[in-house]
Each structure stands twice: as structure tokens, then as C-alpha cells.
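J.: predicted structure and sequence below. I'll ask about it afterward.
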Amino acid sequence: MRPFTRRITASATVAILAITASLATASAASAYQPTPGDLYVATDPGSCNKSPCVLYPKSTQLPSGRILATFEDSQSAVVGQDLPVFKSDDLGATWQKLADVGSPAALSADPAVDKYTSNWTNAYLYVLPQAVGDLAAGTVLLASVVSGDDEYYNEQKAANPSWKPTGDGDRRDLAIALYASADEGATWRFVNIVAAGGWQGGSAGAIGRTSTANATKQVDPVWEPYLMVHGDRLIAYYSDENDYLGFDPATGVAQLDPANDTATDSGGQILAHRTWDGTSAAGWSAPVVDVAGLTQDRGNGKTQIGGGRPGMETVVPTTDGKWLVTYEYFGGGDNVHYKISDDPLRFFATGGAAGSNISALSAASGPTLSKGGSPVLTTFPDGRIVYNAAGSTMVWVNDSGRSDGAWKAYQTTMPAGYSRNLQPVAGTGRLLILQASWSGGSIGPVKFGEVDLGHSDGEYFTLVNRKTGQVLATVGDRTQDANLTGDAPDVALRTRDDSNMTRKWHIVDKGGVVTLLNGGGGRSVATWTGNAVAGQKLAQWVDDGGNDKLWTVVPGADGYVKLRSVRNSALFITGAAADSAVTLQASIDSAADAAADDSQEWMLISDSPPAAPTASYSVYTRCVASGVVLVVQSTNTDARAIDVQATTGFGTRTATAIAPQGSVSQSLTTRQRTLQAGSVTFGASVTGDPALMSTQTLSYQGRAC
């Protein structure tokens, strides 16, 4: 059976040429990095001033496309510690050191910040989407935890010079500082202090690990800033271990314990935010509670909020006009909770003191959202919300972006981590993940990698099976890894539907072989169980670089291709019957019957109309005995072979099948001694597909011979 027209066949031929000739360029430009790489590896672990030492990576993307990343690197003395900033100018494919951001004491002449001698940890990067006061749109902001010296470290070292830290210490004067860069992260200035705390006191990692200098054994740090613009103000959300008696139920303003600096600490923590109008004359607002946590009886008639230690909040808008906040919580139930509010400044007024278990959010299929702590949220430009938390390598996606939307789990190639960073990348449409571990006294490395979650940038193809006329698709329009939606093979033939992204595929070049990534969820076509034997079915799986997900594109008859397994080169993707599973089968001999192997032949039809060919031209004249000769030259600047026709007042010249980068010169005799000025019109078409054409007209000057 030969059901397809010549026009489709020609387009498919162009698609094959694009795969073999230009996908390598496209892949390099889109910086596809599904396998984890090392952004940073510790250089001197013996110098770590705490444990864990290298962790908490965060990133942001600038309007230019540059991605900035930063992380805690405690391989230094405490005093004088900087935060490193790295850059990627190729959409996350490679990284280079760009800058070190110093402490407030190092960057400011204001004596009020002399005590902040270390730019330490919990950095958050943010690009202003609009002007806020004196801060211009596009300014890069960095909020981080700064401090004075670590007195516990100093005391231990003084008593035993060979002592090595095994956890947190007791730093002085913890605070959250704000920095700004106007040159894409190359240089930074200190802006102001967002919120101030006190002694670290070991904090959550080792509460009670206090120095003798901390005479009243205070534990009053601030942590984990998260920045966002709302209206005309900058919001800084953060975790606060100062002691609060409660908050105003109308405004949410927290009520600080008058004995905060001396009274025995409860070990509690609240989530709060402050706002700022961006002007130098104004300071940050009073802290407003977002999550109060449990109320704790401190004796003597005193109660304090902060029980359960809510922490690490991230906030995103939903597509139905609400705001979602997730945070870790250790006061019962899941270790991650959430709240939904109509106003990102009034989380205190909804969800009670602790919010709801993260497992209460609806899971469309697969496991419920991870409960492991240190949760992170982000959004794609199309409104999809993405979530991950410690203890899981997966991410969860809310496709609708609604506050009541269902969440789907997706596998990634990245290991689990502490506050694992999620960065949608403009220019690829994929998700960049930065990871570092807390466990094992982490000294890194800081890892990076990306995952395709569907709807990503670049060309999609419909793969039409020659025998059935149906297309490569997924069972039930599934988008997730097959083990999360029934644990069964799920790649099949279905009726073509150009509006359905689960029936479209990226064809990603990997050095002469390709991976097929589904348009609905970014999952690759994989050999089920990895066992490439005749009759084996295919399934969706995260692209982990395995050769069970790699295919060789083999040109076939009439512009069709075959897709040969790299794991077992004797087998080909086969669609034997409509609405049925796609399987691996041995090559079918078509010597006696040209249609015998139709089930193994696929037409690759691009979503993007094939581009008109490109070429450069020149026209010049020369003198010969018979008069003026007109010379036309055509150079193929396209990745495909082209045909060119040059039309002049003295006839036409045609050059066929000019190879990429090839040139052809042709002459036309005018039989005139004096040639008047004129023009030549060039028409280029893709060899084999005259419908794809471009034209250009060049003028030439007159000449007398």
C-alpha cells in the first residue's frame, strides 16, 4: 500500500536531511544535558568551616539568556567568606566562575554592617521583572544569610587544633542581606539588611551547640530568603527563629518577645515576610507571619509560636488567581505542608497555624507529592507548576497550574538533594535542576542536569506508520514514565491528531543516533525493561542516556525511514496493526514484495514548515571577442542540496543539486559590445521539492567592451 502523496514524501525527505545535517547544530544550540554533570567540585575539603560544606545551589535566568548560579561554599575561614557566582551562556550546558560576592562589611562603608563579616549561605537569585523604587527592571538581586564569626568553631580549634567540624556551629549576628548587580552578575553591591537575627546556636542541625561567648545560649538565626515582586513592592519571605509571642490577627504583624535576646529559646521557627518599596529612604516593613506553627507553652504564663519549625517557603501564582506556598514542617503529619491564599501577603489568614499535608494535593497518577522536606516550587511561562522535595529524585507537574489542579510525577536523572533547585530555561523550554546533598558531610559536588517535561522548544515531528497510516503515540495520551501509570508498555499506534502533543516527538541527535522525546511529557521511547528482543514492546521513560532509548535513522524507500534499535541492531520499531502496541521486530525482507516492510517504515512530518532554501549570489561581466559576457554565480548556504535557476534578458541558466557550501558559475553571451545596466533574478529550490523556493534579484552595472 502507498497511501501518501508525493508532496508529503518530499517533505519527509527534507526532514530526513534535516535530521542528518542540521540536528547536530540545533542540539548544540539548545544545550541538551539530560545526564548529570558537575558544576562545581570541592577543591580543599579539609578547610571546611562547617559540615555539610558545599550545598544549597540556586539559579536564575537573565533576559539575555545567561543563567547565574550560586551556592554555599564553606571551604574557607568564616570571616571573609564569600558566595561564588557561576554563569552559563549556553543555556546550562557549561558553567564558568564569574564572581565572588563579599560580605556587607567588605562591600559597604556603613559601620552599622561592620559586624557582618561573612557572606555565608542560603542564597536566592532573582531578576526584577519591573522597576521597584530605585531598582531598575532587569537588576539581578541576591539575598543571602550573612553573619559574624563562628565562636563555637573558634573555641573548638583553640582547644584542639586538629578538631574538624561535624555539623553546624554558633555564628554571631545572623541576618539576611540584599545585594544587586547591574551587569549580569559580574559585579555586586550591598543594598541593605532585610531582616536581622542573633546567635546561630547550632540551630536545626544541632540545637544547643552553643559557644561560651553565647552566654545565654540564644538560638535566634534567620534563614532561607525567597524574593518576589508583587504590585510595586519587593517581598522577601524567610524563616525566622527569633522568639514571637503571637501575631496581630488583622495584619499578621508578628509580636516579638521582649526577652528575645536573653530568655531560653523554644527551638521554634516561623515563616514570615517583609516588603520594601525599593527606595533608599525607606526600610523593610515589620515582619508579617505566613505560617505560625504550633503554639508552645513556655511556662510563667508565656506562650510562643513556631512549634513544628515551619521553614523553607517558596511561593508561586496559580492560573486561577491564587497563590500557593509550600514549606517543610515537623509538627505532625507530612514533613511538607502547603497553603493556598487569594493574597500572597496574607497567608497568615488562611489554612490555620500549620496548613495542610502536601499529600492532600491531588495526584493524577503515580505517587503523591514528596514529603521529605526542603520543598521547592517553580512555574513555566505557560503556567505549569513544578514541585520537588528532599528524598525523591522525581518532580511533580501541575499541568493546569490551577490551585485545584492534579499533579503528575515524572522521573529525572538527577539525584535527590537538599533544597534541589528548579529552573525553567527560556531557549530550551526544559527544566534545569541544580543539586547538592546534605548527607555525608556534603562537600558537593554541585550537580546540574535537565529534564524535558514536554511542550519544550524546538521542532516536533509526527511519525506516520506506512502500513496503517496511524502515528506513533502513547496509550491513553499518557505523558509520564510507564512505571508510574500502570507499570506496563505504553507506546502504540493511534489516529493522527495534530492538536495532541502526545502524538508528536522531538528527534534529538546524539552523534549519529537519535532519541525520541514525547511532546506531551518529554519521555523518551524506550525498550520495555531494556531487554531488546524480538516482540518486545516499547514504553515511555526518562531519557537517562541508556542505549535502549537510542535509535538509528535508516533511510528507506520513497522518503520513509526505519528506526533501528541501538541496543540490538537486528531489530526495528514496528507498527504491525492499527491501534496496537508498537514492538521491536527483525528486519522484514521486501525483495519479493515492496510493501512487506511497510510496518517498519515511518514518515517524519515536521510541525515546522520546511524552510525555503538559502543561497548567496553574485553577478559580474567580462569582455570577450564577441562582446560582453554576463557571469552568474550561485553558492549554496543551506544544509540541503538545491537547484538554482538564473533568469536574465539573455536567457536562463540552471544548476542542479548544488551541494551544501558548493558554488556554480555560469556564463551568458550577450553578443553586445555595450551592455546596459540590468538585473538577474535567481530562484532556488530544494532538490527534489520544487515547492520549497526562494528568490532574489541582483542588479549589475552597464559595461562597454
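T.: Thanks, I have the structure now.
J.: any idea how the protein splits into domains?
T.: 6-29+456-606, 35-230+413-451, 615-704 (automatic domain parsing).
J.: mean pLDDT lowest where, among the ones you listed?
T.: The minimum mean pLDDT among the domains of the chain belongs to domain 6-29+456-606 (a mean of 89).
J.: on that earlier part again, any chance of the domains of the chain in TSV, with distance to residue 245 and mean neighbour count too?
T.: All C-beta spots, glycine's among them, are computed from the backbone N, C-alpha and C. As requested, the domains of the chain are exported to TSV (distance: least, Cβ to Cβ, whole Å; neighbours: other Cβ atoms under 10 Å):
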stretch	distance to residue 245	mean neighbour count
domain 6-29+456-606	46	20
domain 35-230+413-451	14	20
domain 615-704	70	16
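J.: out of those, which is closest to residue 297?
T.: domain 35-230+413-451 (18.2 Å; Cβ to Cβ).
J.: as a markdown table, the domains of the chain with distance to residue 241 would be great.
T.: As requested, the domains of the chain are exported to a markdown table (distance: least, Cβ to Cβ, whole Å):
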| stretch | distance to residue 241 |
| --- | --- |
| domain 6-29+456-606 | 38 |
| domain 35-230+413-451 | 5 |
| domain 615-704 | 60 |
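J.: go through these and name the closest to residue 313.
T.: Nearest to residue 313 among the domains of the chain is domain 35-230+413-451; the distance by Cβ to Cβ comes to 6.2 Å.
J.: end to end, how far does that closest one reach?
T.: 9 Å (Cα to Cα, to the nearest Å).
J.: again, but for stretch 334-350
T.: First-to-last residue span, stretch 334-350, Cα to Cα: 19 Å.
J.: check which residues of that stretch are buried.
T.: Residues of stretch 334-350 classed as buried: 334-341, 344-345, 347-348 (neighbour count, 16 or more other Cβ atoms under 10 Å).
J.: turn those into a markdown table, including secondary structure, distance to residue 672 and pLDDT.
T.: A markdown table is the format used below for the buried residues of stretch 334-350 (DSSP: H, G, I helix; E, B strand; the rest coil; distance: Cβ to Cβ, whole Å; pLDDT from 0 to 100):
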| residue | secondary structure | distance to residue 672 | pLDDT |
| --- | --- | --- | --- |
| 334 | coil | 89 | 97 |
| 335 | coil | 89 | 97 |
| 336 | strand | 85 | 98 |
| 337 | strand | 88 | 98 |
| 338 | strand | 83 | 98 |
| 339 | strand | 85 | 98 |
| 340 | strand | 82 | 98 |
| 341 | strand | 83 | 98 |
| 344 | coil | 78 | 98 |
| 345 | coil | 82 | 98 |
| 347 | helix | 85 | 98 |
| 348 | helix | 90 | 98 |
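J.: want to throw these into TSV with distance to residue 616?
T.: Converted to TSV, these look like this (distance: Cβ to Cβ, whole Å):
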residue	distance to residue 616
334	63
335	63
336	59
337	62
338	58
339	61
340	58
341	59
344	54
345	58
347	60
348	65
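J.: ok, so of these, who is nearest residue 316?
T.: Within these, proximity to residue 316 (Cβ to Cβ) peaks at residue 344, which comes in at 9.3 Å.
J.: hey, what's the residue nearest to the closest one when sequence neighbours are not counted bridged with?
T.: Excluding its sequence neighbours, the residue lying closest to residue 344 (Cβ to Cβ, 6 or more residues apart in numbering) is residue 323, at 4.3 Å. Under DSSP bridges, the beta-bridge partners of residue 323 are residue 317, residue 341.
J.: what number of residues lie near residue 323?
T.: Other residues lying near residue 323 total 21 when counted by other Cβ atoms under 10 Å.
J.: confidence score at it?
T.: 98.
J.: looks like it contacts residue 340 (just checking).
T.: Yes: the pair residue 323 / residue 340 is scored as a contact, 7.0 Å apart, by Cβ atoms under 8 Å.
J.: list residues touching both of the two?
T.: Listed contacts common to residue 323 and residue 340 are nil; contacts here mean Cβ atoms under 8 Å, 6 or more residues apart in numbering.
J.: just the element for residue 156, please.
T.: helix 151-159 (DSSP states H and E).
J.: check which element follows that helix along the chain.
T.: For helix 151-159, the succeeding helix or strand toward the C-terminus, using DSSP H and E, is strand 175-181.
J.: please save the CA atoms from that following strand in CSV.
T.: The C-alpha coordinates for strand 175-181 follow below in CSV (Å, rounded to 0.1, in the frame of the first residue of the first chain):
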residue,chain,number,x,y,z
ALA,A,175,21.0,38.3,59.1
ILE,A,176,19.6,38.3,55.6
ALA,A,177,21.4,40.7,53.3
LEU,A,178,20.3,42.0,49.9
TYR,A,179,22.8,42.6,47.0
ALA,A,180,22.3,43.9,43.5
SER,A,181,24.1,43.6,40.1
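J.: and the angle from the next helix or strand after it to strand 175-181?
T.: Per DSSP H and E, the first helix or strand lying C-terminal to strand 175-181 is strand 189-196. If you take axes from the mean of the first three to the mean of the last three Cα atoms, to 10 degrees, strand 189-196 sits at 160 degrees to strand 175-181.
J.: for whatever helix or strand comes next after strand 189-196, name the packing helices and strands.
T.: Next helix or strand after strand 189-196 toward the C-terminus (DSSP H and E): strand 222-230. Strand 222-230 sits against strand 118-127, strand 140-147, strand 175-181, strand 189-196, strand 233-240, strand 311-317, with contacts defined as 3 or more Cβ pairs under 8 Å, 6 or more residues apart in numbering; DSSP states H and E.
J.: closest one to residue 446 among the ones you listed?
T.: Taking Cβ to Cβ, strand 118-127 is the member of the helices and strands packed on strand 222-230 nearest to residue 446, at 12.2 Å.
J.: quick one: distance of that closest one to the chain centre.
T.: Computed by Cα atoms, centre = their mean, to the nearest Å, the separation of strand 118-127 from the middle of its chain amounts to 19 Å.
J.: got it, and stretch 214-221?
T.: 40 Å.
J.: before we move on, what about stretch 240-250?
T.: 36 Å.
J.: just the CA trace of that stretch, in PDB.
T.: Presented in PDB, the C-alpha positions along stretch 240-250 are these (Å, rounded to 0.1, in the frame of the first residue of the first chain):
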ATOM      1  CA  ASP A 240      12.800  33.300  61.500                       C
ATOM      2  CA  GLU A 241      13.900  31.700  64.800                       C
ATOM      3  CA  ASN A 242      13.500  34.800  66.800                       C
ATOM      4  CA  ASP A 243      11.000  34.300  69.600                       C
ATOM      5  CA  TYR A 244       7.500  35.500  68.900                       C
ATOM      6  CA  LEU A 245       4.600  35.500  71.300                       C
ATOM      7  CA  GLY A 246       2.000  35.700  68.500                       C
ATOM      8  CA  PHE A 247       0.800  38.000  65.800                       C
ATOM      9  CA  ASP A 248      -1.900  40.500  65.100                       C
ATOM     10  CA  PRO A 249      -4.900  38.600  63.600                       C
ATOM     11  CA  ALA A 250      -5.900  41.500  61.400                       C
END
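J.: if we can go back for a sec, relative to residue 464, which of the helices and strands packed on strand 222-230 is closest?
T.: Of all the helices and strands packed on strand 222-230, strand 311-317 sits nearest to residue 464, with 38.9 Å by Cβ to Cβ.
J.: packing partners for that closest one?
T.: Under the contact definition 3+ Cβ pairs under 8 Å, 6+ apart, strand 311-317 sits against strand 222-230, strand 233-240, strand 323-328, strand 376-379.
J.: that one to strand 222-230, inter-axis angle?
T.: Counting by the same axes, to 10 degrees, strand 311-317 points 10 degrees away from the direction of strand 222-230.
J.: strand 233-240 and strand 311-317, what's the angle between them?
T.: Relative orientation of strand 311-317 versus strand 233-240 (the same axes, to 10 degrees): 150 degrees.
J.: give me the phi and psi for residue 695.
T.: phi -130, psi 150 (degrees, to the nearest 10).
J.: how about the contacts made by it?
T.: Residue 695 makes contact with 681-684, according to Cβ under 8 Å, 6+ apart.
J.: lovely, talk soon.
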